[in-house]
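*Asks:* structure, please.
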Amino acid sequence: MSQRIKVLHLIPSLGVGGAEQLLLHLAPRLDPRRFEVHICSLGEALGNGLRPEFERIELPILIIDSKHMYSLRMLIEVVSYARNHQIDIIHTHQSNADVIGLLAGRILGRPVISTMHSIPENYRYERLHSRWLTRLTTRYLASRFIAVSQSVRAKFIAEWHIPADQITTIYNAVPIERYLSIADGVCRRAEGDGLVITNIGRLGTSKGQRVLLDAASLVLRQQPDARLMIVGHGRLEQQLKQHARDLGIFERVTFTGMRRDIPAVLAQSDIFVLSSLWEGLPLTAVEAMAAARPVVLTDVGGNRELVEPGVQGLIVPPGDAQALAGALLSLAGDQERRLAMGRAGRARVRHEFCMDISVAQHEMLYQSIWDDTHVGVGQGERGSFA
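*Replies:* Numbers count the residues shown, from 1 in each chain. Next up, the predicted model:
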């Protein structure tokens with residue numbers, strides 16, 4: 001093959017979220033000798049907080065900045081860009097990018113890959129017309145799918161009736177190098193400082209931080225010097241702060257807002273916790289494990305594929321504040337167990353959830369789709385798609 005495979009990634013925004021972080025780490029690591037990567041951001045629904053970081057990776061970026069979830073202008077711009085740059089494969093991330101990308105792929109005759117970053121439950125919180133448009137276009141127009149965990153894959157096969165041979169599992173991954181230098185356990189703090197329990201994620205319904213606050217109130221009854229640190233921002237921030245006040249624990253909860261120094265945050269954390277009501281496979285948990293922190297996760301999405309209960313961390317039922325508090329307390333009083341779980345978690349992500357594996361699997365999928373599309377086309381030639 002004399003020409004590189006041109007891949008256009010479509011994503012709703014360049015905001016700070018799991019899908020955006022995954023793309024930010026994946027795109028520049030694809031082999032530039034074999035792939036030419038383009039990125040298109042469709043709107044500002046989540047802001048463009050990561051735009052400077054995307055621009056620093058020096059890949060071609062189209063930013064449409066539409067104020068509407070779907071628009072004819074958006075579709076026309078994507079089609080025009082893909083045609084002008086002779087894009088071979090369109091790769092979409094999240095619902096409105098799925099719809100626009102799938103329609104563009106049908107117009108141009110390009111194959112489309114859709115990454116399912118969460119379970120079908122996530123789509124039930126969208127508007128009805130958006131939910132059905134996403135489901136119909138995804139089911140009938142996509143060439144292939146990527147699920148971020150086996151659990152996510154199984155749910156889409158069962159609930160959306162996606163053929164099993166069309167959906168591939170590629171686990172979420174992060175570059176872990178900057179986390180590996182973090183020491184086991186927490187660096188010494190001032191005398192009297194207590195345990196730090198850290199949650200990182202968007203402050204929204206899916207992350208279940210209200211349940212976490214309920215659990216924290218139970219933990220603080222037995223560990224009054226402990227502190228809960230909630231890192232992130234989102235539409236529920238003020239509601240969560242008020243709930244902490246109502247519980248009488250506001251002074252022991254730190255809402256940090258958005259932080260870019262996550263390794264430093266994890267270095268001062270004794271336990272990492274996610275109280276999610278639904279998930280795909282959380283990148284923040286992978287980062288915490290790479291930092292050798294024990295994790296407490298809810299039994300949703302691919303969390304059981306990430307953590308063996310009792311080895312790298314603990315798994316509790318979603319929405320159960322009592323169970324979550326019990327798990328946190330069991331680790332709060334056992335430093336040796338925390339350290340052992342942290343070491344086991346670091347070893348697991350180094351070997352199973354690193355970026356090298358994810359990149360290689362994406363490259364194999366792109367090559368496979370390109371080869372399938374170009375059967376019968378002469379060596380070094382592009383098929384006629386338009």
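*Asks:* rest of the way, CA atoms for contacts and neighbours
*Replies:* Noted.
*Asks:* helices of the stretch 1-150 of the chain, start to end?
*Replies:* Taking DSSP state H, counting those that start in this stretch as the test, the helices found in the stretch 1-150 of the chain are 18-26, 51-56, 72-84, 95-108, 128-141, 150-160.
*Asks:* off-centre distance for the fourth one?
*Replies:* Think helix 95-108. Centre-to-centre, helix 95-108 and its host chain are 21 Å apart (C-alpha atoms, centre = their mean, to the nearest Å).
*Asks:* tell me the helices and strands packed up against that helix.
*Replies:* The contact analysis (3 or more C-alpha pairs under 8 Å, 6 or more residues apart in numbering; DSSP states H and E) places helix 95-108 against strand 5-11, helix 72-84, strand 89-93, strand 112-116, helix 128-141.
*Asks:* note down every partner strand of the fourth one and its orientation.
*Replies:* Paired neighbours of strand 112-116 in the sheet (DSSP bridges): strand 89-93 (parallel), strand 144-147 (parallel).
*Asks:* closest one to Leu274 among those strands?
*Replies:* Minimum separation from Leu274 across the strands paired with strand 112-116 (C-alpha to C-alpha) falls at strand 144-147, 20.4 Å.
*Asks:* run through the stretch 1-150 of the chain and note the low-pLDDT ranges.
*Replies:* For the stretch 1-150 of the chain, applying pLDDT under 70 flags the ranges 1-2, 44-47, 69, 121-133, 135-136, 139-140.
*Asks:* circling back: quick one: closest of the helices and strands packed on helix 95-108 to Leu220.
*Replies:* Here strand 112-116 is closest among the helices and strands packed on helix 95-108 (C-alpha to C-alpha), at 37.4 Å.
*Asks:* could the strands paired with strand 112-116 go into JSON lines alongside mean neighbour count?
*Replies:* JSON lines is the format used below for these (neighbours: other C-alpha atoms under 10 Å):
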{"stretch": "strand 89-93", "mean neighbour count": "25"}
{"stretch": "strand 144-147", "mean neighbour count": "24"}
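*Asks:* can I get the ones you listed in TSV with distance to Leu103?
*Replies:* As requested, these are arranged in TSV below (distance: least, C-alpha to C-alpha, whole Å):
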stretch	distance to Leu103
strand 89-93	11
strand 144-147	14
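*Asks:* dump the helices of the stretch 1-150 of the chain to JSON lines, plus mean neighbour count.
*Replies:* Output for these, formatted as JSON lines (neighbours: other C-alpha under 10 Å):
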{"stretch": "helix 18-26", "mean neighbour count": "19"}
{"stretch": "helix 51-56", "mean neighbour count": "14"}
{"stretch": "helix 72-84", "mean neighbour count": "16"}
{"stretch": "helix 95-108", "mean neighbour count": "24"}
{"stretch": "helix 128-141", "mean neighbour count": "16"}
{"stretch": "helix 150-160", "mean neighbour count": "18"}
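*Asks:* nearest to Lys207, of those helices?
*Replies:* helix 18-26 (12.3 Å).
*Asks:* packing partners of that closest one?
*Replies:* Using 3+ C-alpha pairs under 8 Å, 6+ apart as the test, helix 18-26 ends up in contact with helix 355-373.
*Asks:* measure how the helix it packs on sits relative to strand 112-116, angle-wise.
*Replies:* Going by axes from the mean of the first three to the mean of the last three C-alpha atoms, to 10 degrees, helix 355-373 is angled at 150 degrees with respect to strand 112-116.
*Asks:* no further queries at this time; thank you.
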